[in-house]
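[1] what follows is a predicted structure for the sequence shown.
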Amino acid sequence: MNGVASHKILGRTQLSVALLAGTMLATPLMAQDVAPPTVPAPTVPAPAAEAAPAATTIQSISVTGNQRLEAQTILSYLRLRVGQTYDRAVLDQALKDLAATELFRDFQITDNNGALQIEVTENPVINRVILEGNKRLKDDKIRPEIKLAPRQIFTRSKVRADVARIIELYKRQGRFAATVEPKMVSLDQNRVDVVFEINEGPKSKVRQINIIGNEQFSDGDLKDEMATKETGLLTILSSNTSYDPDRLAYDQQKLRLFYLTNGYADFRVISAVAELTSNKQDFIITYVVEEGERYKFGDVDVESELRDFQPTMLKSLLPMKTGDWYDAKLVEDTVESLSETAGLFGYAFADINPEFRRNPEDRTMAITFNVAESPRTYVERIDVNGNTLTHDKVVRREFRLNEGDAFNSFGVKRTENRINSLGYFQENLEIERKEGSAPDRIILETNVEEKPTGELSLSAGFSSIENFLLQASIRQRNFRGLGQQLQASVNYSSYSKSIELGFTEPYLFDRNISVGGSVYRRDLNSFNFIDNDRRTTFEQVTTGFQLNAGVPLTEFLSFFGRYSLNYDDVTLDRSVYFFGDECDPLVAGRYLCDAIGKRTTSLVGFTLSYDDRDNRIRPTRGQSASISQDFAGLGGSVKYVRTRLAASKHFNLGSRFILNISAEGGYIYPFGDAPTPTSDKVRLTDRFFLGEPQMRGFDIRGVGPRVIRYSVDYDPANPVINTSDDNRGQIDDALGGRAYYQGRIELDIPLGTGAKELGLRPSIFLDVGSVFSVKRPTLTTLNDFRETDPNAPGFGLYKFLCRNATTGESQFANETTTTTNGVTTGSGQYTTCPSGFSALAPFEERFFGDTWMPRVSIGAGVNWNSPFGPFRIDFAYALRKEEGDDTKRFSFNVGTQF
């Protein structure tokens, strides 16, 4: 056979690198560039005189143009062999085989009387794969999904597949308008850079949801049941406004469940169509539904083959009654409830099947719950998987069942709650139940996903209470994987400073006994505000340590004991509050002067606690209650008994609404004598205080007994006390009380998925409480500035008080006079002090707030687990307050626990 058989890929665009003015040009891959190659028939010149023979023997085969590939490698892809006879069909198949390799961008076969020459031009090698324009999907999300990679052979089929894959990834993100334009840059040595230029486009939203065929329920009622939401101002934070085919199918199930719950047993979705608008930015979803007739429950019965299950007793416990509207969700919940009840008796795999008997004539649905016979089940094995750091025993000791025990569904549920409360693993962990080696054996498998339990934080923030604050702490809640807690922290703010080291062993010697201890130093500055300027009143420095131990008495009841030894040093600013070497009651107030000093407190106490909440970190149901007492007097200089009671209950209202009702109260009973005859037996620093953040709507220590000092509009004969709120300036000190109580009702409000992913948890609340019972302090009144000596000038008038800090002498001020032309005239104002004396203007101190009457506030707040740390913002309004209370409507905290 004489002639040339050749092939070139059709529609190919030559790629080149042009260096013009130092610029590298990239040629785009157009649609025709990535079209599948077509293989033309080999070209054979027409014979000159007579037809060529039908078959010829191959004499030799040579390969030219190859750079990276060996000739033998190329020949291995072909079916041509020396000595083999061939014809046009054989050469045509050889060209197809070369095309199928996708290794060449050009190739042809030349036939010279049986000497076949294969000329190839190899596809380039990929140097780099570059993604441009992708902002919503980062490189680490796209690269694992595409086939092209450096050092691979470039092929157009892979380009086509990668373009389609990238577009599919964006569709999953709801961006149906995304486009991808592939480009190549030719380099030396037959290399190329592949560039995917991505135009992400806007997120395709659901513009409108249409429902056709609904008569009993409005469009709004049905849309509320769907996970997909229409784009609008109310859904601006929701991620459910984007189109998702999986969510579309889920919404159909939600619609069906809604109708079945309301008695429409024949309901069905005829069609669900999502139409993309012409600009590819919005979807319009249309549902066509058929509601059918509404059914009621007919006869409801229970048949049981288990000897522990008496049908008569179980029937009386069924929630549905004959004549009630049919509710498929109620039926499902009943099956689950019967299964849990069977689990309590040890039947882990109880087979409970509801048998439905539909009567279209009277539109009733009769149901019989059939409880099939099954063997009592025992725990064969407990498996714990996925724990790489946490020791097995840390998880196993939370199990309320042991291997070999009779199965109990309550024990499994309690185990799940206890493991979730550890905080070491993923939320909502569930224990899987698997069949064992025999019908009466069960395997409990716990698959955990560990999450970080170590916390290293260096943070700064601003608080409406503490102004600037700085926190540095390190804590490991699962130290060495043994469940031990180790912590060290340093806190600094304008209000307080502290350093603390602590360690807790929850299971001493692998027994259910917890022990722990901590050492600390805390510096506390009590303050008030004068014309928006904060003034420190007293400073308290506490240095001490605490030891504690705990032991469970029952599954839900625990006992904790503790001992602490504290050394307190309470001081006042000598330059402000001292007169000479003594605390000045006229400046500081007698109650503050009585508080200063050094004392040692040796405190022993206990707490008896009941807690059956489903999760101690973020509970959704259950209750807790505790009573605690601390006795100060086992040594030391302070003696009292402090008692506290607390209780809390959480209700799961459904749809992720969680209601919490809590209450607490306490009382301190003192022993021994008061520090001074005029002071309360319980020192100021040991009393209870109430206000922000415990009771929102009030300022810090804003509730309860307090002393307010009012200034006076001076008039020697008739001074006027200015009692306006703007004049609570000179002193506004909370005194605390021996007794307090506090209650709270708070409702957690669920948000959409988008807000939930941001860590937002809003709530509304009502706070109520009071602190009271303190001995009325000795106060300075306006009459203390009145001249009572009948022989003194200005008898009966009000005068300034003159004091000498060096000698400690005090006297009333002299009348201020003026001299004109040698004549001295009195002004009637007694404000002039002798040299070396300082003048103190008249003032009035008043005592407020010592009452048990409740203070009430309502408001709303939101918790945000921000990237900068926990954030809490509250807006509250005091519905009821007492005279003297300090209210505050807006508060926020950053970087502190709440």
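    Yes, it's here.
[2] for stretch 821-829, buried residues please.
    residue 829 (16 or more other CB atoms under 10 Å). All C-beta spots, glycine's among them, are computed from the backbone N, C-alpha and C.
[3] quick check: mean pLDDT across it?
    When pLDDT is averaged along stretch 821-829, the result is 82.
[4] show me the contacts for residue 407.
    Going by CB atoms under 8 Å, 6 or more residues apart in numbering, residue 407 touches 343, 346, 347, 348, 376, 377, 378, 379, 401, 442.
[5] CSV please, covering those and showing pLDDT, distance to residue 251 and neighbour count.
    Formatted as CSV, the contacts of residue 407 follow (pLDDT from 0 to 100; distance: CB to CB, whole Å; neighbours: other CB atoms under 10 Å):
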residue, pLDDT, distance to residue 251, neighbour count
343, 82, 33, 21
346, 80, 40, 20
347, 81, 36, 25
348, 78, 35, 26
376, 83, 42, 15
377, 86, 38, 25
378, 88, 43, 18
379, 89, 40, 24
401, 86, 40, 20
442, 88, 36, 23
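[6] what are the buried residues along the biggest strand by length in the chain?
    Assignment by DSSP state E gives strand 533-552 as the longest strand of the chain. Using 16+ other CB under 10 Å as the test for burial, strand 533-552 gives 537, 538, 539, 540, 541, 542, 544, 546, 548, 549, 550.
[7] of all the residues you listed, which comes closest to residue 264?
    Proximity of these to residue 264 (CB to CB) peaks at residue 550, which lies at 54.3 Å.
[8] got the buried residues for stretch 175-194?
    Those buried within stretch 175-194 under the rule 16+ other CB under 10 Å are 175-178, 180, 182-186, 191-194.
[9] for residue 662, see how far away residue 862 is.
    Residue 862 is 19 Å from residue 662, where distance means CB to CB, to the nearest Å.
[10] no, scratch that, I was asking about residue 405
    Distance, residue 405 to residue 662, by CB to CB: 36 Å.
[11] next: residue 176.
    49 Å.
[12] make CSV from the buried residues of stretch 175-194 and add secondary structure to it.
    CSV is the format used below for the buried residues of stretch 175-194 (DSSP: H, G, I helix; E, B strand; the rest coil):
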residue, secondary structure
175, coil
176, coil
177, coil
178, coil
180, strand
182, strand
183, strand
184, strand
185, strand
186, strand
191, strand
192, strand
193, strand
194, strand
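[13] same list, these, but as CSV with pLDDT please.
    Formatted as CSV, these follow (pLDDT from 0 to 100):
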residue, pLDDT
175, 83
176, 84
177, 82
178, 87
180, 91
182, 91
183, 89
184, 85
185, 88
186, 87
191, 88
192, 89
193, 91
194, 91
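[14] quick revisit: what's the closest of the buried residues of strand 533-552 to residue 790?
    Looking across those and measuring by CB to CB, the closest to residue 790 is residue 537, at 38.7 Å.
[15] for the stretch 251-400 of the chain, which segments count as strands?
    Ranges of strands in the stretch 251-400 of the chain, per DSSP state E, counting those that start in this stretch, are 268-276, 282-290, 296-304, 352-359, 364-371, 378-385.
[16] now for the last one, which elements pack on it?
    Helices and strands touching strand 378-385, by 3 or more CB pairs under 8 Å, 6 or more residues apart in numbering; DSSP states H and E, are helix 392-396, strand 441-447.
[17] what angle sits between the helix or strand just after the shortest one and strand 378-385?
    The first helix or strand that comes after helix 392-396 along the chain, using DSSP states H and E, is helix 409-422. In terms of direction (axes from the mean of the first three to the mean of the last three CA atoms, to 10 degrees), helix 409-422 departs from strand 378-385 by 20 degrees.
[18] could we number from 53 for the rest of this?
    All right, first residue 53 from here; so that's helix 461-474.
[19] show the average pLDDT along whichever helix or strand comes after helix 461-474.
    The first helix or strand that comes after helix 461-474 along the chain, using DSSP H and E, is strand 483-487. Taken as a whole, strand 483-487 has a mean pLDDT of 87.
[20] so what strands line up beside strand 483-487?
    Within its sheet, strand 483-487 is paired with strand 493-499 (antiparallel), according to DSSP bridges.
[21] residues contacting the closest residue to residue 479 other than its chain neighbours?
    Excluding the flanking residues, the one nearest residue 479 by CB to CB, 6 or more residues apart in numbering is residue 472, at 6.9 Å. Listed by CB under 8 Å, 6+ apart, the contact set of residue 472 reads 479, 480, 481, 666, 667, 669.
[22] save those as TSV, and put in distance to residue 910 too.
    Converted to TSV, these look like this (distance: CB to CB, whole Å):
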residue	distance to residue 910
479	31
480	32
481	36
666	28
667	27
669	27
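[23] in ChimeraX, how would I select just the buried ones from those?
    Selection of buried members from the contacts of residue 472 for ChimeraX, criterion 16+ other CB under 10 Å:
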select :481,666,667
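[24] can you give me the strands in the stretch 803-950 of the chain?
    Counting by DSSP E, counting those that start in this stretch, the strands of the stretch 803-950 of the chain are 812-824, 853-855, 862-864, 866-872, 875-884, 890-892, 895-900, 907-918, 921-932, 942-946.
[25] the third one - contacts with which helices or strands?
    Right, the one you point to is strand 862-864. With 3+ CB pairs under 8 Å, 6+ apart as the test, strand 862-864 has strand 853-855 packed against it.
[26] tell me the mean pLDDT over the strand it packs on?
    The model assigns strand 853-855 a mean pLDDT of 89.
[27] now flag whichever of the buried residues of stretch 227-246 is closest to residue 854.
    residue 227 (80.9 Å).
[28] hmm, residue 188 and the closest one touching each other?
    Yes - in this structure, residue 227 is within contact of residue 188 by CB atoms under 8 Å, at 7.0 Å.
[29] overlap in contacts, those two.
    With CB under 8 Å, 6+ apart, residue 227 and residue 188 have common neighbours residue 252.
[30] tell me the strands beside the longest strand of the chain, with direction?
    Sheet pairing for strand 585-604, assigned by DSSP bridges, gives strand 566-582 (antiparallel), strand 609-624 (antiparallel).
[31] dump the first one to PDB, keeping only the CA atoms.
    When you say that, I think you mean strand 566-582. Taking C-alpha atoms only, strand 566-582 is exported to PDB below (Å, rounded to 0.1, in the frame of the first residue of the first chain):
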ATOM      1  CA  SER A 566     -13.600  14.200  93.400                       C
ATOM      2  CA  VAL A 567     -10.800  16.200  95.100                       C
ATOM      3  CA  GLY A 568      -9.400  19.500  94.200                       C
ATOM      4  CA  GLY A 569      -7.700  22.700  95.400                       C
ATOM      5  CA  SER A 570      -6.700  26.200  94.400                       C
ATOM      6  CA  VAL A 571      -4.600  29.000  95.700                       C
ATOM      7  CA  TYR A 572      -5.400  32.600  94.800                       C
ATOM      8  CA  ARG A 573      -4.900  36.300  95.400                       C
ATOM      9  CA  ARG A 574      -7.700  38.700  94.500                       C
ATOM     10  CA  ASP A 575      -7.700  42.500  94.600                       C
ATOM     11  CA  LEU A 576     -11.100  44.100  94.600                       C
ATOM     12  CA  ASN A 577     -11.900  47.800  94.300                       C
ATOM     13  CA  SER A 578     -15.400  48.800  95.300                       C
ATOM     14  CA  PHE A 579     -16.500  52.000  93.600                       C
ATOM     15  CA  ASN A 580     -19.300  54.400  92.800                       C
ATOM     16  CA  PHE A 581     -19.800  57.100  90.200                       C
ATOM     17  CA  ILE A 582     -19.700  60.900  90.800                       C
END
